[in-house]
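Participant: Here you go, sequence then predicted model.
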Number of protein chains: 2
Amino acid sequence: MVTLAEVAQHAGVSASTVSYVLSGKRSISAVTRRRVEESIQVLGYHPNAGARALASSRSNIIALMIPLRTDMYVPVMMEIAIAVTTSARSHGYDVLLLTGEEGPDAVRRITGSGLADAMILMDVELDDERLPLLRGTEQPSVLIGLPADTNGLTCVDLDFGATGALCAEHLAMLGHRDIAVIGEAPAVYERHTGFAERTLDGLRSRSRELGLRVLHRPCEGGFDAMSLTLARVFDERPGTTGFVVQNESAVEPLLALLRRQGRAVPEDVSVIAICPDQVAVQASVRLTSVAIPAQEMGRNAVEQLIAKLEGHGKDDVVLIAPELTVRASTGPAPTAS
Amino acid sequence: MVTLAEVAQHAGVSASTVSYVLSGKRSISAVTRRRVEESIQVLGYHPNAGARALASSRSNIIALMIPLRTDMYVPVMMEIAIAVTTSARSHGYDVLLLTGEEGPDAVRRITGSGLADAMILMDVELDDERLPLLRGTEQPSVLIGLPADTNGLTCVDLDFGATGALCAEHLAMLGHRDIAVIGEAPAVYERHTGFAERTLDGLRSRSRELGLRVLHRPCEGGFDAMSLTLARVFDERPGTTGFVVQNESAVEPLLALLRRQGRAVPEDVSVIAICPDQVAVQASVRLTSVAIPAQEMGRNAVEQLIAKLEGHGKDDVVLIAPELTVRASTGPAPTAS
DNA sequence: CGACGGAGTCGAAGCGCTTCGACAACCTAT
DNA sequence: ATAGGTTGTCGAAGCGCTTCGACTCCGTCG
């Protein structure tokens, strides 16, 4: 293993000079710089991460806590994780992957050991156990998601309230009067993650203003669950002509079931999905959807974090404005016959 | 930040004693141990990762390189990543997440900087650029996937050859004669990842023995691509009664299209998917499938790696035996009418 | 023309931990 | 009783890097 000292010797300068060439924290003459850089090249030098962390008390690592469950929103999680990793790299940081499994202990471990300089938490619950710890530490952090009390915290999330409202508006504009919301699995609500409730609240209050009637039904993913849910929806509100689907894995079952029942999309029934664009495009009907901007959320979180690490960050809640893309699954409400 | 020295002082012992309590590398009297552990508790001590890494030249970190593309097998990737992370934790290791983006440079950076003690590579290509580097380093590594030349490497993967054979056997046993393989997107073949080819080879050679006729068609995911592909299959081989689908995102479109054409599954046509069990269960027909054992692959890779780190690892290729689960999408071939 | 300040470099002091050799105290076997 | 082991503890020497103060050259300004 090549060390700083060896590079220094090879270049005929002192170790500290090499260090300053690397960090740029003091001015170095062009000649010296070039010589040092050449030696680094020739010897194939890589600074030792541990030594660096010890001496500077900065690890250049960001910890990312992802949910352990693979039951929900997997593609979104993955996309966020990848976006976080690549943008962190572009700022010179590596990413340490933690699962939610350890819970608050993981936070303690990371802050205590200096393993990471900062952390990003996903899958935040309304009243998350980890929040008090985050508030009580110097270590910068950013949440992806929105807890009940955001005081002293930095959060990034899609504006799910506005998302719900947007869906209501689109359906109202098309003349629909009776709409159904196919929500997340009951477990998601019990877990108090908030985003599903926020969507619903936004949708409900806008619907009230617009005179829409809303029926909300949580729904596990998959065919059988969707089948039951759908039957109950039409049972209770036969006149339902608009659907808003939040559960990704309920989308395709819903479309198939509607088709099977002879209800055409979008002629008889309109469907809006809240899902990544890729899913909306690949479905059996190209779906009108509000995108979940996973990439943007990941990138944004990293940028907030870097700003904090560099000292000019502020505690702030960034709600990304939702965008509705009209595709082939929504159309004018059928005229009552 | 609490240091070892402070713990030592608080417990009235020397720093080295505390260190030995922590590592267990020398025997410590029960009394001393207890005192030290108590001090650690009281002070809330966490060893500093950087200092530890520097002194011991072990970081207790495993690097995991995941593919950058989110176009394929996302749930599988995610599941593997999570399995790797949790089993690494249970062995006292953390996981550093790297994207394939950096390519070979990432390998150099990690081995050079001592940031990680070992690495796991996913999405390995047949003739991967990173392999020479891995062979040339002391650092243990495990591949998830199978390159062309496995010499001097440790690999974990599903036995895709056997998987293909298994599919052929099942369909042959049910009396099918003409089968079609809906393969991965053309890009996957061009990328030379190998697993798709291995599946096909296994399936073809077993089919030859069993007298099955095989038609192979690569296919992008999604509805439109599947629609075209399916049309061409029936055009060329109208008598096709069995399908093997490798591309996860082609499964649901295929089922929908068959339904639309009035071909019943499994009465008229049988379908086997190669996909995670969860996908198979959630589809619109409960799918007979060969599972992709993501969890097992991840766990296995970590175990191989730990073994190597502890010195008793061997370079070896572990091919996980495929398992076919019969569900509702396969049945006897229709009798020619 | 001497004092001053900036640019460029060096030496040395740690950062917090692991680990090696040393040593004291005790136990056993002769 | 003595040589030889064990067991438990300590002190000190680094691991490879960053960073601070100090020093030497210069060019520049009053």
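Facilitator: Received it, and whenever you're ready, just let me know what you need.

Participant: hey, let's count contacts and neighbours off CA atoms from now on
Facilitator: OK.

Participant: tell me the contacts of the closest residue to A:R237 other than its chain neighbours?
Facilitator: Distances taken as C-alpha to C-alpha, 6 or more residues apart in numbering or on different chains put A:D178 closest to A:R237, at 7.6 Å, once the chain neighbours are dropped. Contacts for A:D178 (C-alpha atoms under 8 Å, 6 or more residues apart in numbering or on different chains) come out as A:212-215, A:237, A:239-242.

Participant: Most neighbours among the residues you listed, which one is it?
Facilitator: A:G242 (30 neighbours; other C-alpha atoms under 10 Å in any protein chain shown).

Participant: So for that one, what's the pLDDT?
Facilitator: Looking at A:G242, its pLDDT is 97.

Participant: and if you look at A:D71?
Facilitator: Per-residue confidence at A:D71 stands at 62 (pLDDT).

Participant: And the one 3 residues further on, by the same measure?
Facilitator: Reading off the per-residue confidence, A:V74 sits at a pLDDT of 77.

Participant: now do A:V279
Facilitator: Looking at A:V279, its pLDDT reads 84.

Participant: A:S337 too?
Facilitator: With respect to pLDDT, A:S337 scores 56.

Participant: which other helices and strands contact the strand or helix carrying A:A106?
Facilitator: A:A106 belongs to helix A:104-113 when assigned by DSSP states H and E. Secondary-structure packing of helix A:104-113 (3 or more C-alpha pairs under 8 Å, 6 or more residues apart in numbering or on different chains; DSSP states H and E): helix A:131-135.

Participant: can you list the residues that contact the helix it packs on?
Facilitator: A:104, A:107-108, A:141, A:152-153.

Participant: again, but for stretch A:211-230
Facilitator: Residues outside stretch A:211-230 that contact it (C-alpha under 8 Å, 6+ apart): A:168, A:172, A:176-186, A:204, A:207, A:233, A:247-250, A:253-254, A:257, B:281-284.

Participant: Derive a PyMOL selection command for the buried subset of those residues.
Facilitator: Selection of the buried residues among the contacts of stretch A:211-230 in PyMOL, burial being defined by 16 or more other C-alpha atoms under 10 Å in any protein chain shown:
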select buried, (chain A and resi 168+172+176+177+178+179+180+181+182+183+184+185+204+207+233+247+248+249+250+253+254+257) or (chain B and resi 281+282+283+284)
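
Participant: Mind checking which of the contacts of stretch A:211-230 are in helices?
Facilitator: A:168, A:172, A:186, A:204, A:207, A:233, A:248-250, A:253-254, A:257, B:281-282 (DSSP state H).

Participant: between the residues you listed, which is closest to DNA strand C?
Facilitator: DNA strand C lies nearest to A:P186 out of these, by C-alpha to the nearest atom of the strand, at 44.4 Å.

Participant: Run through the helices of chain A in chain order.
Facilitator: Taking DSSP H, the helices of chain A run over residues A:4-11, A:15-23, A:30-43, A:49-56, A:74-90, A:104-113, A:131-135, A:160-173, A:186-190, A:195-210, A:223-236, A:248-260, A:277-282, A:294-309.

Participant: what about whatever residue of the stretch 201-337 of chain A ends up closest to DNA strand C, neighbour count?
Facilitator: Nearest to DNA strand C, among the residues of the stretch 201-337 of chain A, is A:L309, at 19.2 Å (C-alpha to the nearest atom of the strand). Close neighbours of A:L309, defined as other C-alpha under 10 Å, add up to 15.

Participant: and what of A:A225?
Facilitator: 17.

Participant: How about A:Q261?
Facilitator: With other C-alpha under 10 Å as criterion, A:Q261 counts 9.

Participant: What of A:C155?
Facilitator: 25.

Participant: repeat for A:V21
Facilitator: 20.

Participant: Next: A:R26.
Facilitator: 10.

Participant: ditto for A:I306
Facilitator: As a burial measure, A:I306 scores 20 neighbours (other C-alpha under 10 Å).

Participant: same deal with A:V318?
Facilitator: A:V318: 19 surrounding residues under other C-alpha under 10 Å.

Participant: thought it was touching A:V156?
Facilitator: Yes. A:V318 lies in contact with A:V156 (C-alpha atoms under 8 Å); the separation is 4.8 Å.

Participant: Run through the residues that contact A:R177.
Facilitator: A:211-213, A:240-241.

Participant: Tell me the backbone dihedrals of it, please.
Facilitator: For A:R177, the backbone dihedrals are phi -120, psi -30 (criterion: degrees, to the nearest 10).

Participant: Okay, now the unreliable bits of the stretch 1-150 of chain A?
Facilitator: By pLDDT under 70, the weakly predicted segments of the stretch 1-150 of chain A are A:70-72.

Participant: Up against chain B, what does it have?
Facilitator: For the stretch 1-150 of chain A, the residues in contact with chain B (C-alpha under 8 Å from any C-alpha of the partner chain) are A:1, A:45-54, A:59, A:68, A:70, A:74-75, A:78-79, A:82, A:85-86, A:94-99, A:109, A:112-115.

Participant: just the contacts of A:R177 now: which is nearest DNA strand D?
Facilitator: A:L212 (60.1 Å).

Participant: Do you know the pLDDT at that closest one?
Facilitator: We have a pLDDT of 97 for A:L212.

Participant: do you know how far it is from A:S205?
Facilitator: 10 Å (C-alpha to C-alpha, to the nearest Å).

Participant: show me the contacts for A:Q139.
Facilitator: Taking C-alpha under 8 Å, 6+ apart as the contact definition, A:Q139 lies against A:111, A:117-119.

Participant: Export those as TSV, with columns for distance to DNA strand C and neighbour count.
Facilitator: What follows is the contacts of A:Q139, written out as TSV (distance: C-alpha to the nearest atom of the strand, whole Å; neighbours: other C-alpha atoms under 10 Å in any protein chain shown):
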residue	distance to DNA strand C	neighbour count
A:T111	13	24
A:D117	15	23
A:A118	18	26
A:M119	20	26
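
Participant: Compare the contacts of helix A:131-135 and tell me which is most surrounded.
Facilitator: Within the contacts of helix A:131-135, most neighbours by other C-alpha under 10 Å means A:S141, with 27 neighbours.

Participant: follow-up on the earlier one: filter the contacts of A:R177 down to the ones near DNA strand D?
Facilitator: Contacts with DNA strand D within these, as defined by C-alpha under 7 Å from any atom of the strand: none are present.

Participant: Now distance to A:T229 too, for the residues you listed, in JSON lines please.
Facilitator: Below are these laid out as JSON lines (distance: C-alpha to C-alpha, whole Å):
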{"residue": "A:G211", "distance to A:T229": "24"}
{"residue": "A:L212", "distance to A:T229": "20"}
{"residue": "A:R213", "distance to A:T229": "18"}
{"residue": "A:T240", "distance to A:T229": "13"}
{"residue": "A:T241", "distance to A:T229": "15"}
